[in-house]
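Chemist: I need the structure of the sequence given here:
(one chain, ligands or ions: 2)
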Amino acid sequence: MTASLSIDDLLDAINETAIISETDINGKITFINDKFCDISGFDLKELLGKPHSIIRSEMHPSEFFSQMWETLKREENWHGDICNRKKNGEFYWVNNTIIPIFSNNDGKTMRYVAVGFDITDKKRIERELQLRNKEFDSFLATTNGFCKLNLDGHFLDIGDSFYTMTGYSEKELRKMTLIDLEVLSSDKTKNIWMKIQKTSKGAKKILKSFETDFKHKDGKIQPIEIIATYNHPSQHYFVLMRDISERKHKEIEQNNTYKQLHHLQKLESLGRLTAGIAHDFNNILSSVIGFNDLSKLAADDLPDENALKEEFIYNAMQIENASKRAATLIDQMLTYCRQEVETSATVLDLKPVLEKIYGMMRGVIPKNIAIKTTLSPDIFINLDETELYQIIVNLFVNARDAIEKPQGEISLSLNLSNIVSAQRCSACEKVIQGDFVEIAVTDNGSGLKAEKISRIFDPFFTTKEVGKGTGLGLSVASGIIHKAGGHIIVSSILNQGTTFQLLLPPQKNS
Ligand SMILES: Nc1ncnc2c1ncn2[C@@H]1O[C@H](COP(=O)(O)OP(=O)(O)O)[C@@H](O)[C@H]1O
Ligand SMILES: [Mg+2]
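Modeler: Ligands and ions are numbered 1, 2, ... in the order given. Just a heads-up that it's a prediction; the model follows:
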């Protein structure tokens, strides 16, 4: 026995599922069904007599609607997907058929009936898939490594570029698993492998790309981006990789540029502050020296029998000596600010200049500290000789101060050096490469912690007790060396010693 379907049942079923509307020939709404109200959020009263365009979204260009009207004017059915706007502003997609209804009298179009179905979810999935595919396509275009893995992470197939990327040969890789290439995170979790394994579970067939690091055979850390997929029937993972070292490198460079800029701004404001203090201090010191000279003259004029005469003169000499030390400090501050001191750079023949400095320092550095020199001849730079003295003397004094053991050693070397692998200046953090004159001072003293190295060039940074250090020596040195187009590299091992390499552009002897 078969149940017969009544017209009413059929209409009910259509009404439940289809979005139905009717308009007059000008597009004004004359009817909408409940489903239309449900989905659009409008009620019948709000829409009756209104143009159908009230629910238009901005998803379609105006040609879309003019073509639709042209079709309808030709008295043909229009069929297509259309995106409308709900009362609350959200969009919804309808797969619509618009049918012109003709008059029984003259056969002309009287009204239009639109019957549609909600396809919002289908459209969303389509869009997501499109985006995914685009992502996948662009990944494929720049991929430079791929491999196929079994369920334990063993390599089944390996793309040629994977060997360059990892540094291992095919034979070596065949004995390894992907886990052997991982850089384990601090909590020792196997990140890459865990993430890749997840692709076999759940609905996601393609793993969203992620960034991680590989251990290259030579020990280098290789930053990569990975995308993976799991093939269920054959039970293997297909993994695509691309080398992102360059991008990472650029990110680091950019970060460093910001840091350098910040540092320069800090130095500039400190410079201005220092210059101000130094000027004021200079004025005060001039009057101290002036009045002290007057007191000394007055003391000189006292009769010799006066018991206080000698004491007055002695005190005036002490004030004079202290004032001289203060004046030297002001000089250093002003040098740091580069406002007062005019320097005259000349081409210096370094070997004899450094020998002179060595001779001078030998007299000053205690005998328990040996000084070794290795100085190559005929090396020239363009610098003010006094400034070079100031820099090297400070490096020697710093080295002496860092040596606490009974047997110390300081070495001074001079040679031409070619910096091949890019190194960074410890003061300005720029990458240095090329040919330089290298003057190096090495000690076997206390050494410096890595985090301190970035601070020792800051003006007024000192770890010495009051009266022993000004904290200006290295900051002045850095200013002079950089102005001359050079850089400084500091390498240090705690409790073993420190090397300061001054790198300067070589000059021809003219
Ligand atoms: N050879 C070195 N070994 C260890 N620490 C050093 C060395 N040279 C410099 N330093 C550190 O750098 C700081 C700054 O040096 P500097 O600018 O010359 O100022 P100062 O010598 O007046 O303290 C020193 O106080 C010291 O902490
Ligand atoms: Mg010093």
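Chemist: so when I look at Gly276, I'm seeing a helix, right?
Modeler: Yes. When classified by DSSP: H, G, I helix; E, B strand; the rest coil, Gly276 is found to be part of a helix.
Chemist: tell me, how many neighbours does it end up with?
Modeler: For Gly276, the neighbour count with other Cβ atoms under 10 Å is 11. In this view, the C-beta of every residue, glycine as well, is placed from N, C-alpha and C.
Chemist: how close does it get to Asn283?
Modeler: For Gly276, the distance to Asn283 equals 11 Å [Cβ to Cβ, to the nearest Å].
Chemist: Which of the three states applies to Ser446?
Modeler: With three-state DSSP as the criterion, Ser446 was assigned coil.
Chemist: ditto for the one 5 residues further on
Modeler: Per three-state DSSP, the local secondary structure of Glu451 is helix.
Chemist: what's the helix or strand for Arg127?
Modeler: If you go by DSSP states H and E, Arg127 is part of helix 120-141.
Chemist: I would like the residues contacting the helix or strand just after that helix, please.
Modeler: Reading on from helix 120-141 to the C-terminus, the next helix or strand found by DSSP H and E is strand 145-149. The set of residues that contact strand 145-149 without belonging to it, under Cβ atoms under 8 Å, 6 or more residues apart in numbering, is 155-159, 161-162, 165-166, 177-178, 196, 224, 236-243.
Chemist: Out of those, list just those in strands.
Modeler: Among these, the members found in strands (DSSP state E) are 155-158, 224, 236-243.
Chemist: Contact partners for Ile110?
Modeler: Residue 110: Met, not Ile. Listed by Cβ under 8 Å, 6+ apart, the contact set of Met110 reads 24-25, 101-103.
Chemist: and those residues, which are buried?
Modeler: Taking 16 or more other Cβ atoms under 10 Å as the criterion, nothing in the contacts of Met110 is buried.
Chemist: biggest separation within the residues you listed, which pair?
Modeler: Between all members of the contacts of Met110, the longest pairwise span (Cβ to Cβ) is found for Asp24 and Phe102 and amounts to 13.6 Å.
Chemist: Skipping adjacent residues, who's closest to Ala298 in space?
Modeler: Residue nearest to Ala298 in three dimensions, not counting chain neighbours: Phe312, with 7.8 Å by Cβ to Cβ, 6 or more residues apart in numbering.
Chemist: mind listing what's buried in the helix or strand hosting that neighbour?
Modeler: Element membership for Phe312 (DSSP H and E) is helix 309-337. Within helix 309-337, the residues scored as buried using 16+ other Cβ under 10 Å are 312, 316, 319, 326, 330, 332-337.
Chemist: go on, stretch 423-431?
Modeler: Quick answer for stretch 423-431 (16+ other Cβ under 10 Å): 423, 425-428.
Chemist: Just the mean pLDDT for it, thanks.
Modeler: When pLDDT is averaged along stretch 423-431, the result is 89.
Chemist: Identify all contacting residues around it.
Modeler: Contacts to stretch 423-431, defined as Cβ under 8 Å, 6+ apart, come from residues 256, 259-260, 263, 422, 432-433, 453-454, 457, 474, 478, 481-482, 487-490.
Chemist: which residues does Lys208 contact?
Modeler: When contacts are taken as Cβ under 8 Å, 6+ apart, Lys208 is in contact with Ile227.
Chemist: Is it correct that it falls within a strand?
Modeler: No. Read with three-state DSSP, Lys208 is coil and lies in no strand.
Chemist: What about the buried residues of stretch 423-431, which are in helices?
Modeler: Filtering these for membership in helices, criterion DSSP state H, returns an empty set.
Chemist: and stretch 408-425, does that touch ligand 1?
Modeler: No. Against ligand 1, stretch 408-425 shows no contacts by Cβ under 6 Å from any ligand atom, the least distance being 8.9 Å.
Chemist: Need the CA coordinates for that stretch. PDB is fine.
Modeler: These are the backbone C-alpha positions of stretch 408-425, laid out as PDB (Å, rounded to 0.1, in the frame of the first residue of the first chain):
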ATOM      1  CA  GLY A 408      99.100  38.300  35.200                       C
ATOM      2  CA  GLU A 409      99.700  38.800  31.500                       C
ATOM      3  CA  ILE A 410      98.600  41.400  29.000                       C
ATOM      4  CA  SER A 411      99.400  41.100  25.300                       C
ATOM      5  CA  LEU A 412      99.200  43.800  22.700                       C
ATOM      6  CA  SER A 413      99.100  42.800  19.100                       C
ATOM      7  CA  LEU A 414      98.900  44.600  15.800                       C
ATOM      8  CA  ASN A 415      98.100  43.000  12.400                       C
ATOM      9  CA  LEU A 416      96.000  43.200   9.300                       C
ATOM     10  CA  SER A 417      92.900  41.100   9.600                       C
ATOM     11  CA  ASN A 418      90.200  39.900   7.200                       C
ATOM     12  CA  ILE A 419      86.900  39.400   9.000                       C
ATOM     13  CA  VAL A 420      85.200  36.700   6.900                       C
ATOM     14  CA  SER A 421      82.400  35.300   8.900                       C
ATOM     15  CA  ALA A 422      80.100  38.200   9.800                       C
ATOM     16  CA  GLN A 423      80.700  39.300  13.400                       C
ATOM     17  CA  ARG A 424      79.000  42.000  15.300                       C
ATOM     18  CA  CYS A 425      80.600  45.100  16.900                       C
END
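Chemist: got the buried residues for that stretch?
Modeler: Applying 16+ other Cβ under 10 Å to stretch 408-425 flags 408-414, 417, 419, 423, 425 as buried.
Chemist: so how far is that stretch from its chain's centroid?
Modeler: What separates the centre of stretch 408-425 from the centre of its chain is 28 Å, taken as Cα atoms, centre = their mean, to the nearest Å.
Chemist: before we move on, what about stretch 165-184?
Modeler: Between the mean C-alpha location of stretch 165-184 and the chain-wide mean there is a distance of 29 Å, by Cα atoms, centre = their mean.
Chemist: Check what contacts that stretch and list those residues.
Modeler: In this structure, residues lying in contact with stretch 165-184 by Cβ under 8 Å, 6+ apart are 144-145, 147, 149, 152-155, 158, 162-163, 190-193, 196, 212-218, 221-222, 224, 239, 241, 243.
Chemist: Now the buried members of those.
Modeler: If you count burial by 16+ other Cβ under 10 Å, the buried members of the contacts of stretch 165-184 come out as 145, 147, 149, 153-155, 158, 162-163, 190, 192-193, 196, 212-215, 222, 224, 239, 241, 243.
Chemist: residues in contact with Leu494?
Modeler: Residues near Leu494 by Cβ under 8 Å, 6+ apart: 446-449.
Chemist: Spell out which parts of this structure neighbour ligand 1.
Modeler: Taking Cβ under 6 Å from any ligand atom as the test, the list of the chain residues beside ligand 1 reads 394, 398-399, 402, 443, 445-446, 448, 456, 461-464, 469-475, 498.
Chemist: filter the residues you listed to the buried ones?
Modeler: Of the residues of the chain next to ligand 1, these count as buried by 16+ other Cβ under 10 Å: 394, 398-399, 402, 443, 445-446, 448, 456, 461-462, 469-470, 472-475, 498.
Chemist: quick one: which of the residues of the chain next to ligand 1 sit in strands?
Modeler: When strands are assigned by DSSP E, the members of those inside them are 443, 498.
Chemist: and the stretch 301-450 of the chain, which of its residues are near ligand 2?
Modeler: Residues of the stretch 301-450 of the chain lying close to ligand 2 (Cβ under 5 Å from the ion) are 394, 398.
Chemist: low-scoring stretches of the stretch 301-450 of the chain, by residue?
Modeler: Across the stretch 301-450 of the chain, the ranges flagged by pLDDT under 70 are 336-343.
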